[in-house]
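[1] Below: sequence and its predicted model.
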Amino acid sequence: MFRSYHARIKNPRLALAVGIAMAVLLQICGGWIDPYTTQIILFASINVILAVSLNLVMGETGQFSLCHAAFMAVGAYTSALLTGKALPVLFPHLSWTGASWASQLTFLPVLIVAGLIAAFAGLIVGGPSLRLRGDYLAMVTLGFGEIIRVLLQNANVVGGARGMEGILPATNLFWAVGAAFVTLYTMIALVRSTYGRGFLAVRDDEVAAAAMGINTTRFKVTAFVIGAFFAGVAGALYAHAVEFISPEGFNFLRSFEIIVMVILGGLGRPVGVAVAAILITLLNEGLRDLSQYRMVVYALIIILFMIFRPTESLAPYLARLVPQRFRKQSTSINA
Amino acid sequence: MSHSTPLLEVRNCTLGFGGIAALTDVSMTIREEELLGLIGPNGAGKTSLFNILTGVYKPTEGDILFDGRLIDGLPPHAINGLGMARTFQNIRLFGSLDVGMNVRTSFIAKLRNGLINTVRRGRSFHGEEKKILEEGRRLLAYFGLEEASAHPSRSLPYGDQRRLEIVRALAAKPRLLLLDEPAAGMNPTEKEELKRLIGKIRGEFGTAVLLVEHDMKVVMGICERLYVMDQGKMLATGTPAEIRANPKVIAAYLGESRGKEKE
């Protein structure tokens, strides 16, 4: 997976401006788009945010994280509490419906707070656990994901296992598509810099990176926290798009779904990962009638992918998920 | 050359793994701008010494002072920040980065632009990137790797990969450069080139060099002073000529004739 530094975009700000303009345009033309298509675009954008942010952790920095959906849950619940309980109580005289000025104007700060709380959760998990490597990190993140889910199931403030309903439908095309472009811009701008190459150096060879003066733990935690921030934003967008959230919606399988997007998109390639996220969203819609077999389809896709694209660096990551006795031969990430 | 303040001082260091002592009471000094060799048979503890110097392991006993500062127990990246850089016995280049970027990884720790300014692409960002790019290019040009700058680091011939590792370590502007068996796997031509390269580093950059090497020709040819290790202990120190004549060193390398002792 080699990329020349000379291929970097000189000024990714232009791409960002085009993206935001597109989000505004979509919102203006929203009236002509039927509700079903609108919903698919919303889901696709949310999945792009999730996949591209996980890509920073898994693809660029090489840390296997199995709790991205948990950060999404943190963001979703935080934002739902803010718009459902906190804001209407603080400003009771304003109108709080999905499209009202009050909810639209406060939505940006809500998204940011949701992201920050998720980032804080990322710091708490990542700080101690990123000193671990590979398999151990995967286990800790898997455990954390389950802890969040069980906590939410038992917290009556947020409805326990029943979840929260009647969340403001504040997410619209502008917020979702705009946030997706901001995420994509951030990730690309970050990695295409000398600073950002530090993430790749950590992934390629931690020992050598440390010997070059790079604080590897700090880079890993930074990647984790940024990833968690955007997962939190995605969670907030999701909660205000579907108007209903429950702990089960953020379980391990949801994390796995995001991992599939990252792997299909080619670990470490933000644009490829974004495309994969859109394709998987469409695939989910196509498989709506066979939804209980969705995971079977995912597994098949990954197996086929491993067979036909064995040179990409995803093979060693996946090999870790396969029990030792089923492995053909052990592979190393820094082969 | 001032003999008063050594650049690096290893004081009676011991490193143990459970019951096994990898290093026993090892002491060593390196002066500014000195070209020093460290030799010894396989398993003598050369790499262990290297690892306690660079922060991979913490010595169980003893102190390490770099420029008068206690450094044992500091993590590797902090030690690099103080001005000690290293290369690896088995080449460890960053495979997904090009040749130029491999060299520029040395600048990452000293970047003025942090996360936020990098994403914002502020004016100081472009200025700093340009400066780093220029500096990396200058270093590569100086060591004859400029043309390969945009190539994948793994596509380089073996000798060039070793050279790139040295250039990458030098980019951090270290006061002490530790080279772990740089001549391993090189052919005679490459070895000659390496000797010239090490001489150049010393002359132009004013960097002290500690060279761990198996190849006697390389070590004897360029080092001013040598340390010899055997079985985790420091056996001898002196000029190449002194070392060559030292009976203890000869015994460690060729083995003593035990038969005579028994008689």
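    Great, that's in hand.

[2] tell me the helices in the stretch 1-150 of chain B, going along the chain?
    B:46-53, B:76-82, B:99-104, B:115-120, B:123-142 (DSSP state H, counting those that start in this stretch).

[3] ditto for the stretch 151-300 of chain A
    A:173-191, A:194-204, A:206-211, A:216-242, A:252-264, A:270-286, A:294-308.

[4] what's the most buried one of those helices?
    helix A:216-242 (a mean of 27; mean count of other CB atoms under 10 Å in any protein chain shown). Placement of C-beta: from N, CA and C, glycine included.

[5] Going by contacts, tell me the helices and strands next to that helix.
    helix A:35-55, helix A:68-81, helix A:101-129, helix A:173-191, helix A:194-204, helix A:206-211 (3 or more CB pairs under 8 Å, 6 or more residues apart in numbering or on different chains; DSSP states H and E).

[6] just the angle between the first one and helix A:216-242, please?
    Compare the direction of helix A:35-55 with that of helix A:216-242 by axes from the mean of the first three to the mean of the last three CA atoms, to 10 degrees and you get 170 degrees.

[7] what residue of chain A is the furthest out?
    A:His93 (35.5 Å; CA atoms, centre = their mean).

[8] Could you grab the helix/strand/coil label for that residue?
    Classification of A:His93 by DSSP: H, G, I helix; E, B strand; the rest coil places it in coil.

[9] Can you report phi and psi for it?
    Main-chain torsions, A:His93, degrees, to the nearest 10: phi -80, psi -10.

[10] B:Lys191: what's it in contact with?
    B:Ala183, B:Asp215, B:Lys217, B:Val218 (CB atoms under 8 Å, 6 or more residues apart in numbering or on different chains).

[11] what's the helix or strand for it?
    Using DSSP states H and E, B:Lys191 falls within helix B:188-205.

[12] After that helix, which helix or strand is next? Please name it.
    Sequence order places strand B:208-212 as the next helix or strand after helix B:188-205, per DSSP H and E.

[13] Pick out the residue nearest the middle of the chain.
    You didn't pick a chain, so chain A it is. Closest-to-mean residue, chain A, CA atoms, centre = their mean: A:Leu50 / 1.9 Å.

[14] try chain B instead
    Chain B, centroid-nearest residue using CA atoms, centre = their mean: B:Leu178 at 1.3 Å.

[15] so how far is chain A from that residue?
    As judged by CB to the nearest CB, to the nearest Å, B:Leu178 and chain A stand 9 Å apart.

[16] Tell me the residues of the stretch 151-263 of chain B that contact chain A?
    Applying CB under 8 Å from any CB of the partner chain, we find that the stretch 151-263 of chain B lies next to chain A at B:Pro152, B:Arg154, B:Arg168, B:Ala169, B:Ala172.

[17] Could you pick out the buried ones from these?
    Buried by 16 or more other CB atoms under 10 Å in any protein chain shown: B:Pro152, B:Arg168, B:Ala169, B:Ala172, out of those.

[18] in which helix or strand would I find the third one?
    Taking DSSP H and E as the criterion, B:Ala169 maps to helix B:158-170.

[19] how about that helix: buried residues?
    B:Gly159, B:Asp160, B:Gln161, B:Arg162, B:Arg163, B:Leu164, B:Glu165, B:Ile166, B:Val167, B:Arg168, B:Ala169, B:Leu170.

[20] quick one, what contacts the second one?
    I take that to be B:Asp160. B:Leu145, B:Ala148.

[21] and if you look at the third one?
    Shown in contact with B:Gln161 (CB under 8 Å, 6+ apart): B:Ile91, B:Leu93, B:Ser153, B:Arg154.

[22] which one is the third one nearest to, not counting chain neighbours?
    Translated: B:Ser153. Nearest non-adjacent residue to B:Ser153, counting by CB to CB, 6 or more residues apart in numbering or on different chains: B:Leu93, 4.2 Å away.

[23] does that neighbour really touch B:Asn102, like I thought?
    Yes. Counting by CB atoms under 8 Å, B:Leu93 touches B:Asn102, with 5.5 Å between them.

[24] Based on its surroundings, how many neighbours for the nearest residue to A:Ser255 once chain neighbours are set aside?
    Spatial nearest neighbour of A:Ser255, chain neighbours left out: A:Ala69 (4.2 Å); criterion: CB to CB, 6+ apart. For A:Ala69, the tally of surrounding residues (other CB atoms under 10 Å in any protein chain shown) stands at 28.

[25] pLDDT weak spots in chain A?
    Counting by pLDDT under 70, chain A shows low-confidence ranges at A:1-11, A:309-335.

[26] now the helix holding B:Ala169: mean pLDDT?
    For helix B:158-170, the mean pLDDT works out to 92.

[27] Could you identify the helix or strand that succeeds that helix?
    Next element after helix B:158-170 (DSSP H and E): strand B:176-180.

[28] in its sheet, what does that following strand sit against?
    strand B:84-86 (parallel), strand B:208-212 (parallel) (DSSP bridges).

[29] Would you mind measuring from the residue nearest to B:Ser153 to B:Met101?
    According to CB to CB, to the nearest Å, B:Leu93 stands 10 Å off from B:Met101.

[30] count of residues packed around the residue of the stretch 101-250 of chain B found nearest chain A?
    Using CB to the nearest CB, the closest approach of the stretch 101-250 of chain B to chain A is made by B:Ala109 at 3.5 Å. Residues lying near B:Ala109 (other CB under 10 Å) number 17.

[31] wait, isn't it in contact with B:Gly81?
    Yes. Judged on CB under 8 Å, B:Ala109 makes contact with B:Gly81 at a distance of 6.0 Å.

[32] Fine by me, thanks again.
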